[in-house]
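build me a model:
(one chain, ligands or ions: 1)
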Amino acid sequence: MTIAIKALTADETTARMDALVEILCDVVDGGGSVNFLAPMDRGMARSFWQGVVPAVASGDRVLFVAEDASGPVGTVQLEIVRKPNQPHRCEVAKLLVHRRARRQGIASKLMQALEAEARRQGRTLLTMDTVNGSPAEALYRGLGFQAAGVIPRYALGTTGKLEDTLVMYKELG
Ligand SMILES: CC(C)(COP(=O)(O)OP(=O)(O)OC[C@H]1O[C@@H](n2cnc3c(N)ncnc32)[C@H](O)[C@@H]1OP(=O)(O)O)[C@@H](O)C(=O)NCCC(=O)NCCS
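Numbers count the residues shown, from 1 in each chain. Okay, the predicted model is just below:
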């Protein structure tokens, strides 16, 4: 399967709204802990993506999608930190791959594109957090992220049970 990775404009984001909603719902309903509880409410998923559109328009976020012939199957966001004392930092957010497209290297490709964009913008530090011991942790470690530490009982998993969070970072040399 051919996968294309692209950064979307605000209009392109709006045009792909249904597919983005579908990806978020599939990930949360599949147990992915990304700030929401299962079953994922489609209206809430739509509100989330609608909230991303102005951030993409302003350049505060760069939204990447991975698309196959059927359309978007994965996504990730680079949040450009605007704090005056952190002009070198970006946050990684909402790395999501639809269950039907997993273990084909799509998340890795999305993260490579994200990292290239961070470098292009002169950023040298990527930070994020993920569920301690999750598949995502394995992915990020494989991409060179390091663990800063664990915060116990940080957030509810999709089924409502408290889970530990691992704060991770990567310095871009
Ligand atoms: C985590 C997630 C993004 C991975 O997407 P993916 O496209 O399947 O990942 P890739 O195919 O690029 O995997 C790259 C490597 O990461 C690791 N990895 C990925 N999924 C894994 C899993 N379920 N278990 C163990 N290792 C895993 C493996 O080392 C894998 O390499 P391999 O397939 O050669 O063994 C996807 O499972 C997902 O959307 N999960 C739910 C949402 C989530 O947790 N997002 C992260 C929020 S911080």
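
how about the helices in the protein?
10-15, 17-29, 42-58, 106-120, 135-142 (DSSP state H).

right, and the ones you listed - which one's nearest E171?
helix 106-120 (10.9 Å; Cβ to Cβ). C-beta coordinates here come from the backbone N, C-alpha and C atoms, glycine included.

how about the residues of the protein by the ligand?
27, 32, 34, 95-97, 102-108, 130, 134-136, 138-139, 142 (Cβ under 6 Å from any ligand atom).

out of those, which end up buried?
By neighbour count, with 16 or more other Cβ atoms under 10 Å, these hold 27, 32, 34, 95-97, 104, 106-107, 130, 134, 136, 139 as buried.

what count of nearby residues applies to L114?
L114 is flanked by 24 other residues according to other Cβ atoms under 10 Å.

thought it was touching E79?
No - applying Cβ atoms under 8 Å as the test, L114 and E79 come out as separate, 10.2 Å apart.

and stretch 156-163, what's buried?
So stretch 156-163, judged by 16+ other Cβ under 10 Å, has buried residues 158, 163.

can you pull out the low-pLDDT segments for this structure?
Applying pLDDT under 70 to the chain flags no residue at all.

please repeat the previous calculation with a cut-off of 80.
1 (pLDDT under 80).

list the contacts of the nearest residue to M168 once chain neighbours are set aside.
Closest residue to M168 in three dimensions, ignoring its sequence neighbours and counting by Cβ to Cβ, 6 or more residues apart in numbering: F145, at 4.4 Å. By Cβ atoms under 8 Å, 6 or more residues apart in numbering, the residues touching F145 are 126, 128, 168-170.

ok, F145 to the ligand distance?
10 Å (Cβ to the nearest ligand atom, to the nearest Å).

nearest residue to L156 other than its sequence neighbours?
In space, L156 is closest to L162, 6.0 Å off (Cβ to Cβ, 6+ apart).

do I have it right that that neighbour meets A155?
Yes - between L162 and A155 there is a contact under Cβ under 8 Å: 7.2 Å.
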